[in-house]
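*Asks:* coordinates for the following, if possible.
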Amino acid sequence: MHTDEYEISIAREINHCQRVVEKTQEKLTRFERLYDGLTYPVAAAAVVEGLLTINAKELGKWQEEYEALPVWKQRLAEYRQALKAMRISASGS
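*Replies:* Coordinates of the predicted model:
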């Protein structure tokens, strides 16, 4: 059963996920700029090898953002797919 309320709810979730993805990407970009373009995996490896010094708390925040991004992107893709399927289903009714 398709209702406008479901579509509205999914659209809200899409908007929320999109905002979180954008903010997370911005945070990652700030970290990368701060550390001369290094990505988290490269920076973390450099820390382990003693080639780079980063405050443990800051490195932890960077790691959290790095690990969160694919989760939020996946969630966004799933909501977009659900909305697409819902619209296809509604047009076939």
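*Asks:* and the gap between the closest residue to L28 other than its chain neighbours and I8?
*Replies:* Distances taken as Cβ to Cβ, 6 or more residues apart in numbering put E65 closest to L28, at 5.5 Å, once the chain neighbours are dropped. All C-beta spots, glycine's among them, are computed from the backbone N, C-alpha and C. Per Cβ to Cβ, to the nearest Å, E65 is found 30 Å from I8.
*Asks:* check S93 and give its pLDDT.
*Replies:* S93 is assigned a predicted lDDT (pLDDT) of 57.
*Asks:* any idea which residue sits dead centre in the protein?
*Replies:* L69 (2.9 Å; Cα atoms, centre = their mean).
*Asks:* which helix or strand lies directly C-terminal to the host helix or strand of A45?
*Replies:* Counting by DSSP states H and E, the element that carries A45 is helix 40-48. As assigned by DSSP H and E, the chain's next helix or strand after helix 40-48 is helix 56-92.
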